[in-house]
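In: Starting from these lines, generate the structure:
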Amino acid sequence: MIDSNQKFKGQTVIVTGSSSGIGKACAVYLGQLGANVVVNYSANEEAANEVLEEIKKGGGNGIVVKADVSREEEVKALFNRTISEYGKLDILVSNAGLQKDASFLEMTLQQWQKVIDVNLTGQFLCTREAARQFVAQEKEASKEGQPDHSELSSGKIILMSSVHDIIPWAGHVNYAASKGGIMMLMKSISQELAPHKIRVNSVSPGAIKTTINKEVWSDPEKYKDLLKLIPYKRIGTPQDVAKAVAWLASDDSDYVNGETLYIDGGMTLYPEFADNG
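Out: Down below sits the predicted model:
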C-alpha cells in the first residue's frame with residue numbers, strides 16, 4: 001500500500017515558473033508528496049535553487065532547469081533535460097505567467113505581445129511537448145508488453161489560469177485575454193487528448209497572497225476593500241492552490257477531465273449581489 005504522504009513517489013513533474021509564488025508552492029508541495037520535481041525558471045537562478053533546497057529539506061528530489069516558456073527551442077530543451085535525468089514524465093504543471101499592465105488606450109504592442117507570448121503561447125508549447133511525451137511513453141510501454149494501464153491516465157496536465165478567464169479586468173486586457181485563451185486551450189486539448197488517456201484540467205486562482213499583489217494585501221485599507229470581493233473573507237495562499245493542483249494531478253481525480261477548478265473564496269459568485277444587488 002502506498003503511503004498517502006508519498007502518493008507521487010516515483011513520478012516526475014515539471015512545474016514551469018516555479019522559482020516563486022504559486023509555482024514555488026506547487027513544486028515544494030509535490031516534492032513533499034514524493035515527486036521528482038523539475039524546478040523551472042527564466043531569470044532568477046538563485047531563487048530556483050532555493051526552491052530546490054526547500055524540496056530536498058522536505059525529503060524530496062529534483063533539478064533546476066532554466067527555460068523561457070515562450071521560446072520553442074528552450075521548451076524542448078526543458079523536456080529533453082527532464083527525460084535525460086528521470087527517463088519519463090508523469091505530470092506537467094504549466095504555471096509560468098506574468099503581467100504587463102496598462103490602460104487599453106495606452107497599452108503598447110510589446111506589452112500585449114509579451115503577456116500573450118508567455119501566458120498563452122508558453123502554455124501551448126509546454127502542453128504540446130508534455131502530450132507528445134506521454135503518447136511516446138505509452139507507445140513504448142505497449143511495445144515492451146507492459147501492463148495496460150487503461151483504467152488510469154497516462155499523463156496529467158494542469159494549466160494555471162485565473163478567475164480572469166471569466167471576470168473582465170479593465171487595465172489588464174492582455175492578461176485577461178491570455179487567461180481566457182487558456183480556458184479554451186485547456187478544453188480543446190482535453191477533448192483531443194482524452195482518447196490517449198491524458199487528462200487536462202486547469203486551476204483558476206482568485207486573490208492569492210504573493211509578491212505580485214503585495215501592495216494590496218499589505219495595506220490594511222486596500223486589503224479591506226479586496227475582501228469585499230471575496231465572500232469567504234480571506235485572501236488565498238499559494239498552498240491553497242498547490243493542494244488543488246496536487247489533487248488534479250493525482251489518481252483521486254482520475255475521472256476529472258477538461259474542468260476548471262476555481263480557487264477563489266467565492267470571488268466568481270458576483271458578491272455585489274449578496275445584498276440583492
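
In: CA only for contacts and neighbour counts going forward, please
Out: Noted.

In: what's in contact with the host helix or strand of residue 199?
Out: If you go by DSSP states H and E, residue 199 is part of strand 198-205. The contact list for strand 198-205 (CA atoms under 8 Å, 6 or more residues apart in numbering) reads 131, 134, 153-163, 165, 183, 186-187, 189-190, 193, 241, 244-245, 248, 254, 256-264.

In: Buried among the residues you listed? Make that a ChimeraX selection.
Out: With 16 or more other CA atoms under 10 Å as the criterion, this ChimeraX line picks the buried residues out of the contacts of strand 198-205:
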select :131,134,153,154,155,156,157,158,159,160,161,162,163,165,183,186,187,189,190,193,241,244,245,248,254,257,258,259,260,261,262,263,264
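
In: can you map out the helices along the protein?
Out: Listed in chain order, the helices of the chain (DSSP state H) span 21-32, 45-57, 72-86, 109-115, 122-143, 173-193, 214-217, 220-227, 238-249.

In: Report the angle between the second one and helix 21-32.
Out: Translated: helix 45-57. Orientation check (axes from the mean of the first three to the mean of the last three CA atoms, to 10 degrees): helix 45-57 against helix 21-32 gives 30 degrees.

In: Mind checking the helices of the chain for the one nearest to residue 12?
Out: helix 72-86 (7.1 Å; CA to CA).

In: ok now that closest one, how far from the chain's centre?
Out: Between the centre of helix 72-86 and the centre of its chain there are 18 Å (CA atoms, centre = their mean, to the nearest Å).

In: Give me the buried positions along that helix.
Out: 72, 74-76, 78-79, 81-82, 86.

In: what does stretch 115-135 give?
Out: Quick answer for stretch 115-135 (16+ other CA under 10 Å): 115-127, 129-131, 133-135.

In: Just the residues contacting the worst-scoring helix or strand of the chain on mean pLDDT, thanks.
Out: Least confident helix or strand of the chain, by mean pLDDT, DSSP states H and E, is helix 214-217 with a mean of 88. Helix 214-217 is contacted by residues 209, 222-223, 226, 235 when judged by CA under 8 Å, 6+ apart.

In: out of those residues, which is most surrounded?
Out: residue 209 (19 neighbours; other CA atoms under 10 Å).

In: pLDDT wise, what is that one at?
Out: On pLDDT, residue 209 comes in at 95.

In: From residue 32, how far off is it?
Out: 21 Å (CA to CA, to the nearest Å).

In: what's stretch 104-118 in contact with?
Out: With CA under 8 Å, 6+ apart as the test, stretch 104-118 has contacts from 69-70, 96-101, 170-175, 177-178.

In: Many thanks, have a good one.
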